[in-house]
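> Build me a structure from this.
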Amino acid sequence: MAIIRMATRKRTLNFEQSLKQLETLVESLETGNLNLDESLKSFEKGIKITRDCQSALTEAEQRVRILTSDGEIKTADFISKDGE
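Modelled structure (predicted):
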C-alpha cells in the first residue's frame, strides 16, 4: 500500500510541477520578447504539458469513480496506463 501512495504522491508532484512549468511558459509567451522560433517551441512544449496534465486529471477522475461507484466508498487497485 505504501508503494501506491508513493506513486500517487510522485504523480501529484509531477502534476504540480507541470502546472508551474505551464505558467512559466505562458508568462514568457505573453511578454512578447521571444522570437518566432522560440515562441513556437514554447507553444509546442506547452501543448505537450497540457495534454499530460489532462491525462493525469482523467486518470484521477477514473480512480475517483471506481472508488465511489454504487454510492459507497470502496478500496480498489488502480493501475494507470504507465503501470504505476
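
> Could you name the helices and strands sitting against the helix or strand hosting Ala60?
Element membership for Ala60 (DSSP states H and E) is helix 36-67. On a contact count with 3 or more Cβ pairs under 8 Å, 6 or more residues apart in numbering; DSSP states H and E, helix 36-67 meets helix 2-31. Where C-beta positions appear, they are placed from N, C-alpha and C, glycine not excepted.

> what is the mean pLDDT for the helix it packs on?
Helix 2-31 comes out with an average pLDDT of 78.

> still on that earlier bit, can you list the buried residues in the helix holding Ala60?
By 16 or more other Cβ atoms under 10 Å, the buried positions in helix 36-67 come out as Ser42, Gly46, Ile49, Cys53, Ala56, Glu59, Ala60.

> okay if I get these as a markdown table plus pLDDT and distance to Ser18?
Below are these laid out as a markdown table (pLDDT from 0 to 100; distance: Cβ to Cβ, whole Å):
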| residue | pLDDT | distance to Ser18 |
| --- | --- | --- |
| Ser42 | 96 | 14 |
| Gly46 | 96 | 10 |
| Ile49 | 95 | 5 |
| Cys53 | 93 | 5 |
| Ala56 | 90 | 8 |
| Glu59 | 91 | 14 |
| Ala60 | 90 | 13 |
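
> ok, so of these, who is nearest Lys20?
Among the buried residues of helix 36-67, Ile49 lies closest to Lys20 (Cβ to Cβ), at 9.9 Å.
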